[in-house]
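Chemist: My questions are about this predicted structure, shown below with the sequence.
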Amino acid sequence: MNLRPQALAAADPVPWVGVRGVFTDIDDTLTRDGAIEPAALDALHALHAAGVPVIAITGRPLGWSEPFARAWPVAAIVPENGAVALIRDGNELVTEYAQDAAARDRNARRLREVVARVLAEVPGAMLARDSAGRVTDIAIDHAEFTHLDDAAIERVVAIMRAEGMTATVSSIHINGWFGSHDKLSGARWMLQRLFDRTLDAERERWVYVGDSTNDQAMFGFFPLSVGVANLREFAAQLTVWPAFVTEGERGAGFAEVAQCILDASSREAEEGVQTV
């Protein structure tokens with residue numbers, strides 16, 4: 001736990017040398033109001049050009065994520081908090097699931113039952129507008145197109161957990177699902193799936209970037225964890241902080257992280273040339 005995250009601009013450059021890749025959240029980390037910010041898109045292209053893979057892990061649904069997985073220079077997008085993977089394979093997009101079809105079918109009925117209970121018991125609760133694209137979870141809007149106060153958010157989370165679900169709160173939605181998968185398991189899955197490597201063996205060589213309370217497990221796992229500046233909006237709810245915080249918010253903050261990685265890579269290359 002790091003209760004006093006360091007400004008990224010003041011970070012020691014040494015740990016950033018040899019970074020192999022980036023895991024990142026999407027909403028309010030790369031995007032603003034659901035659209036990627038130009039600075040973040042430029043940063044993704046720069047990392048891609050430098051051979052640094054980026055894997056996005058998000059609570060957004062499969063359907064919402066597909067066009068971005070096709071358009072952005074990312075190795076994969078893992079929607080629905082680790083339940084699904086959209087993997088680039090040349091010009092094709094491959095969809096894979098953490099749960100088999102039988103488990104997804106069983107859970108679909110249970111998900112509908114929990115939705116009915118939440119909507120009946122929490123005044124003002126409404127499904128997220130992207131719900132039509134979801135296949136493994138449910139999402140209740142609390143800050144994207146409507147507003148739920150803290151008490152209502154806590155009530156939704158309590159209902160989900162009482163029904164046996166995993167529940168997390170992002171900057172815009174309350175997500176609930178059946179299963180043990182989460183953002184961290186999604187990161188482990190993708191590193192093994194894409195590169196045949198084990199995340200736990202090289203977690204110091206990967207960066208995680210996020211913006212909200214549902215990123216805390218990732219902040220705690222990765223030594224090179226970074227919160228974009230708007231993470232401070234959730235200071236009262238955070239128990240685990242990232243190691244670093246950017247000066248800029250959202251996409252501008254992500255661009256700072258990318259530049260930090262690229263600068264360290266350039267220094268490494270220069271030192272390598274000097275020692276030959």
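Modeler: That came through fine. Computed from a prediction, not measured in an experiment: that's the story for all the values here.

Chemist: Find the nearest non-adjacent residue to residue 20, please.
Modeler: residue 205 (4.4 Å; Cβ to Cβ, 6 or more residues apart in numbering). Just so you know, the C-beta spots here come from the backbone N, C-alpha and C atoms, and that holds for glycine as well.

Chemist: whoops, I mixed them up, residue 212
Modeler: Nearest to residue 212 is residue 171, by Cβ to Cβ, 6+ apart, at 4.3 Å.

Chemist: For residue 55, see how far away residue 224 is.
Modeler: Using Cβ to Cβ, to the nearest Å, residue 224 is found at 15 Å from residue 55.

Chemist: same thing with residue 40?
Modeler: For residue 40, the distance to residue 55 - Cβ to Cβ - is 15 Å.

Chemist: Likewise for residue 243?
Modeler: Residue 243 is 19 Å from residue 55, by Cβ to Cβ.

Chemist: Comparing these two, which shows the higher neighbour count?
Modeler: More crowded of residue 243 and residue 55, by other Cβ atoms under 10 Å: residue 55, with 23 against 20.

Chemist: Residue 209 bridge partners, please.
Modeler: Beta-bridge pairing of residue 209 under DSSP bridges involves residue 24, residue 226.

Chemist: How many residues are close by it?
Modeler: Residue 209 - counted by other Cβ under 10 Å - has 31 other residues nearby.

Chemist: got a pLDDT number for it?
Modeler: Note on residue 209: pLDDT of 98.

Chemist: got the contact list for it?
Modeler: Residues near residue 209 by Cβ atoms under 8 Å, 6 or more residues apart in numbering: 22, 23, 24, 25, 29, 225, 226, 227, 228, 253, 254, 257.

Chemist: Which ChimeraX command selects the buried ones in those?
Modeler: Selection of buried members from the contacts of residue 209 for ChimeraX, criterion 16 or more other Cβ atoms under 10 Å:
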select :22,23,24,25,29,225,226,227,228,253,254,257
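
Chemist: Between all of the contacts of residue 209, which two are separated the most?
Modeler: For the contacts of residue 209, the farthest-apart pair by Cβ to Cβ is 23 and 253; their separation is 15.1 Å.

Chemist: quick one: residue 23 from residue 178, how far?
Modeler: Counting by Cβ to Cβ, the gap from residue 23 to residue 178 is 24 Å.

Chemist: Please disregard the earlier target; I meant residue 157.
Modeler: 15 Å.

Chemist: same question, residue 262
Modeler: 40 Å.

Chemist: In terms of neighbours, single out the busier of the two.
Modeler: Using other Cβ under 10 Å, the more surrounded residue of residue 262 and residue 178 is residue 178, with 23 against 18.

Chemist: pretty sure that one contacts residue 107?
Modeler: Yes: the criterion here is Cβ atoms under 8 Å, and residue 178 meets it with residue 107 at 4.5 Å.
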